[in-house]
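K.L.:
Predicted coordinates and the sequence they were generated for:
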Amino acid sequence: MCAALPPFPPPQEPLDSAELIQLSTSAEEQCLRADAARNRARLLEAAARLVAEHGAAGVTMEAVAAAAEVGKGTVFRRFGDRVGLLTALLDHSEQKFQAAFLSGPPPLGPGAPPVERLHAFGVAALRRSAEALELHLAAERSADRRYTAPSWRLLYGHILLLLREAVPDADCEVLAQTLIGYLDPAAIHHLTKVCGMPMERLEAGWTDLVTRLTAPRPPG
């Protein structure tokens, strides 16, 4: 018998779209002592080398400490845990993606109709995940932390905002959960690596799903 599913997380107000979530903000960087900033950069460089040489599976706190020639405690103090370290490796692409959909040119950024922006958002998110799929999978948070992570909340909030503009009479919170589930790295891995689907098919599927969810409802 299957175990009971965990309760669905309660609805949360999305983060303000003007709030650009940065996993390591410039304000934090400015507060770091120069030697601490150098240590952080050295640790990330070591982790990036391990990813290039052995894949994301080769990135452990112990391996990064050895590659950077520091104590393991230094790595834990800087990043908290392995997920925090891997998330920091994705920081740069995360910031670029956030900037693109919050303030970049349309149709991904402001200025295009909401449905067009949803189409562009999903395609961009799929391509971004595919570029570093193994790393995205390794950086996935546990189920009890996934839906409270600031980066996840920003993505969800952006989808929710566009849905509310496109179909204000729909249950947009449920639809937003449906759409963001389509972009889950584990689902992308299964469909592309296990099922052998090309990315073009996933992108077309996203466009079709958004079109169907936002289509005008027939009267009555």
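P.N.:
Perfect, I can see it now.

K.L.:
Do you have the helices of the protein handy? List them.
P.N.:
26-31, 34-54, 61-68, 72-79, 82-89, 91-103, 114-131, 133-138, 143-146, 150-166, 172-182, 185-189, 199-214 (DSSP state H).

K.L.:
elements contacting the second one?
P.N.:
With contacts defined as 3 or more CB pairs under 8 Å, 6 or more residues apart in numbering; DSSP states H and E, helix 34-54 has these neighbours: helix 61-68, helix 72-79, helix 82-89. Glycine gets a C-beta too; all of them are placed from N, C-alpha and C.

K.L.:
among the helices and strands of this protein, which has the poorest mean pLDDT?
P.N.:
Least confident helix or strand, the chain: helix 26-31 with a mean of 55, by mean pLDDT, DSSP states H and E.

K.L.:
With adjacent residues omitted, what lies nearest to residue 133?
P.N.:
residue 189 (5.8 Å; CB to CB, 6 or more residues apart in numbering).

K.L.:
Could you tell me how many residues sit around the one you found?
P.N.:
17 (other CB atoms under 10 Å).

K.L.:
try residue 204
P.N.:
There are 12 residues near residue 204, going by other CB under 10 Å.

K.L.:
Kindly report the same for residue 104.
P.N.:
Residues near residue 104, counting by other CB under 10 Å: 17.

K.L.:
With residue 132 instead?
P.N.:
Residue 132: 17 neighbours (other CB under 10 Å).

K.L.:
Quick check, it in contact with residue 90.
P.N.:
Yes: shown here, residue 132 and residue 90 form a contact pair, counting by CB atoms under 8 Å, at 6.9 Å.

K.L.:
Mind telling me which of the helices of the chain the model trusts least?
P.N.:
Lowest mean pLDDT within the helices of the chain: helix 26-31, a mean of 55.

K.L.:
ok, residue 62 - contacts?
P.N.:
Residues counted as contacts of residue 62 (CB atoms under 8 Å, 6 or more residues apart in numbering) are residue 72.

K.L.:
same check, this time on residue 70
P.N.:
Going by CB under 8 Å, 6+ apart, the list of residues near residue 70 reads 39, 42-43.

K.L.:
most neighbours, which of those?
P.N.:
residue 43 (22 neighbours).

K.L.:
residues near the residue lying closest to that residue once chain neighbours are set aside, how many?
P.N.:
Nearest residue to residue 43, sequence neighbours excluded (CB to CB, 6+ apart): residue 68, at 5.1 Å. The local packing of residue 68 (other CB under 10 Å) involves 20 other residues.

K.L.:
so residue 68 sits right up against residue 42, yeah?
P.N.:
Yes: the criterion here is CB under 8 Å, and residue 68 meets it with residue 42 at 5.1 Å.

K.L.:
Understood, closing this out.
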